[in-house]
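Enquirer: Next input, structure requested:
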Amino acid sequence: MVFVASATVAVPAQATSLSGRPVVAGIDLERATIPDLQRAMRAGRLSSVELTLFYLQRIRKLNPTLHAVLTTNPDALRLAAASDFRRIRHQSKGPMDGIPVLLKDNIDTADRQPTTAGSTAMLESRPYRDAGVVGNLREAGAVLLGKANLSEWSSYRSTSSSNGWSPLAGQTANPYVLDRNPCGSSAGPGVAVAAHLATVAVGTETDGSINCPSGANGIVGVKPSLGLVSRSGIVPVSKQQDTAGPMARNVVDAAILLAALNGADRRDPITVDAARQSLDDYTKFLRPNALHGKRIGVWREVYTPDDATKAAFEQALSRLRKLGATTVEITIPYLDVIAANEFPAIRTEFKHDLNAYLASTGGKHPADLAGLIQYNLDHAAVEMPYWTHNLWDRSQATTGIDDPAYRAMREAATSAARRGLDETLHGNSLDAIVAPTNNAAWKTQLGTGDGALLIDSSGPAAVSGYANMTVPMAYSGPLPLGLSIMGGKFSEPSLLAIAYAFEQDTKVRRLPTFIPSIG
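Expert: Here you go, the predicted model:
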């Protein structure tokens, strides 16, 4: 079933009644981790079917307000029942067995759900096989609960687009203040996890699309190093930067989901090369005293943090020091080179990578980017009520990945990002670098664009392909703020450890408030 909703930002007057603790079988899901749920299921206190039914009912209740879920999987309860049967027979597949997961709807599933990228043009697409990460989740026994809303085409269509809007489900609402933006193209997964529409979710990022919605919705997000997690079967923006990653309410769950997602996939050769970096267990690195002796770089030169964010960041730095870390003021070089080359390079990559995806995907849909542009023109009232596809026009005009000018731009962007982080990390003997993830979420105004309102702390890690993650840092009034923690390539164990120590000390996250507006 597709949840089709109005494209306007509608905030019901009764929205505040939607708050309340999410409890199933006497278990407070806000406090429970995946290991807690597994213990309850092993003890017979909870079943995967009960947990899955809870989320399906909560989606039916909250999604008309949040616009966070596009489809629910008609096979979800069957998958949950199969998990319960395995558990009875003592054949559990591990920590993700029976755990309901939402997928951003640019991730292929070869089942009865479409993969749309948020576009009506893709409603009849039928992928021939699961995405690599979906195959891993099935192998781990996870319950594929459904597909989450997203910024259509992962925000790569117009310079005036609004984060979290698609013509299929309208504008995703921030669950803390409903007329505020959820940020990032993985808006639906971020909101769904924050509001307890699933235990965890899988988002994707090209530059900021996991980290920003995680920060804006008060959850943990992990943007893995390029190659750790398969990109096969994911509607692309740029294969040079795209990756899927976990979105969860706590670091333990994010670590468990990352272990399920990572690993070699022959359909994505970069993961085969990186297979030795994959781990079956990231939770073994999670220690409350993990910050003792760590050297943490403090990166302040991000775009315009507001006063509340600056104050929250200073408080976070103070907590890091009290937990045993040494903070070091740093700058990251070559940011101008990254800024001059990243998005011009992506123009070429988007056309090339999207055309390849469409050519390999079954069902009825436009054959290439040119066909999608024509589709939008033919269905402008649905697809373009607020903004055009000016980014697509620029991408369509590119001449291919063999163009020397493109190759020079990509090399310049990637090498500058890697040199910048490597020189900063190694030159200062740093274990990680921290920065604010986001300012308090802005009021959504369709058609005006969101770019000037973002903090651009995701760029160096995104362009370099290095690890980056977000953990709740503070609240600005009712709105969450995130702390970004970035490191070198395949530094996920260290980043998760730092995030866990900070999380356990600060206990920042709190339930969404569903306030209609704060003016």
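Enquirer: what's the residue lying closest to Glu342 once chain neighbours are set aside in contact with, if anything?
Expert: Using Cβ to Cβ, 6 or more residues apart in numbering and skipping residues adjacent in sequence, the residue nearest Glu342 is Ala413, 4.5 Å away. The way it works is simple: take the backbone N, C-alpha and C, and place the C-beta from them, glycine included. Counting by Cβ atoms under 8 Å, 6 or more residues apart in numbering, Ala413 touches Val337, Ile338, Asn341, Glu342, Ala345, Val463.
Enquirer: Next one: Ala413 relative to Gly420, how far apart?
Expert: Plainly put, Ala413 is 11 Å away from Gly420 if you go by Cβ to Cβ, to the nearest Å.
Enquirer: okay, and the common contacts of the two?
Expert: Counting by Cβ under 8 Å, 6+ apart, the shared contacts of Ala413 and Gly420 are Ile338.
Enquirer: okay, the contacts of Ala413 in a markdown table with secondary structure, neighbour count and pLDDT next?
Expert: As requested, the contacts of Ala413 are arranged in a markdown table below (DSSP: H, G, I helix; E, B strand; the rest coil; neighbours: other Cβ atoms under 10 Å; pLDDT from 0 to 100):
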| residue | secondary structure | neighbour count | pLDDT |
| --- | --- | --- | --- |
| Val337 | helix | 17 | 98 |
| Ile338 | helix | 24 | 97 |
| Asn341 | helix | 22 | 98 |
| Glu342 | helix | 24 | 97 |
| Ala345 | helix | 25 | 98 |
| Val463 | helix | 29 | 98 |
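Enquirer: Which member of the residues you listed is positioned nearest Ser162?
Expert: Relative to Ser162, the closest of the contacts of Ala413 is Glu342; by Cβ to Cβ it sits at 21.5 Å.
Enquirer: hang on, isn't the closest one packed against Asp207?
Expert: Yes: when contacts are counted by Cβ atoms under 8 Å, Glu342 is listed as touching Asp207 (7.3 Å).
Enquirer: Touching both of those two, which residues are there?
Expert: With contacts taken as Cβ under 8 Å, 6+ apart, the residues that reach both Glu342 and Asp207 are Gly459, Val463.
Enquirer: picking up where we left off before, can you tell me which helix or strand the residue nearest to Glu342 belongs to?
Expert: With the criterion set as DSSP states H and E, the secondary-structure element containing Ala413 is helix 404-427.
Enquirer: ok, then the element right after that helix?
Expert: Reading on from helix 404-427 to the C-terminus, the next helix or strand found by DSSP H and E is strand 432-436.
Enquirer: And that following strand, what does it pack against?
Expert: Counting contacts by 3 or more Cβ pairs under 8 Å, 6 or more residues apart in numbering; DSSP states H and E, strand 432-436 packs against strand 295-299, helix 307-322, helix 404-427, strand 479-486, helix 492-506.
Enquirer: Tell me how many other residues crowd Arg266.
Expert: Under the neighbour criterion other Cβ atoms under 10 Å, Arg266 is assigned a count of 10.
Enquirer: Mind pulling up the pLDDT for it?
Expert: At Arg266 the predicted local confidence, pLDDT, stands at 96.
Enquirer: how many other residues sit next to the nearest residue to it once chain neighbours are set aside?
Expert: Take Arg266 and drop its neighbours on the chain: the residue closest to it by Cβ to Cβ, 6+ apart is Val272, 6.5 Å away. Residues within reach of Val272, counting by other Cβ under 10 Å, total 14.
Enquirer: for Val272, what are its contacts?
Expert: Taking Cβ under 8 Å, 6+ apart as the test, what Val272 contacts is Ala264, Asp265, Arg266.
Enquirer: Now Gly135: phi and psi?
Expert: Note on Gly135: its backbone torsions stand at phi -60, psi -40 [degrees, to the nearest 10].
Enquirer: ok, how many other residues are close to it?
Expert: Residue crowding around Gly135 was assessed by other Cβ under 10 Å; the count is 20.
Enquirer: and it, how far is that from Ser186?
Expert: Look at Gly135 and Ser186: by Cβ to Cβ, they are 20 Å apart.
Enquirer: Please, which helix or strand holds the residue nearest to Arg266?
Expert: Element membership of Val272 [criterion: DSSP H and E] is helix 269-273.
Enquirer: in that helix, what counts as buried?
Expert: Neighbour-count burial for helix 269-273, counted by 16 or more other Cβ atoms under 10 Å, picks out Thr271.
Enquirer: With stretch 391-406 instead?
Expert: By neighbour count with 16+ other Cβ under 10 Å, stretch 391-406 contains the buried residues Leu391, Trp392, Arg394, Ser395, Gln396, Thr398, Ile401, Tyr406.
Enquirer: And stretch 502-513, by the same measure?
Expert: When burial is assessed from 16+ other Cβ under 10 Å, stretch 502-513 yields the following buried residues: Phe502, Glu503, Gln504, Thr506, Val508, Arg509, Leu511, Pro512, Thr513.
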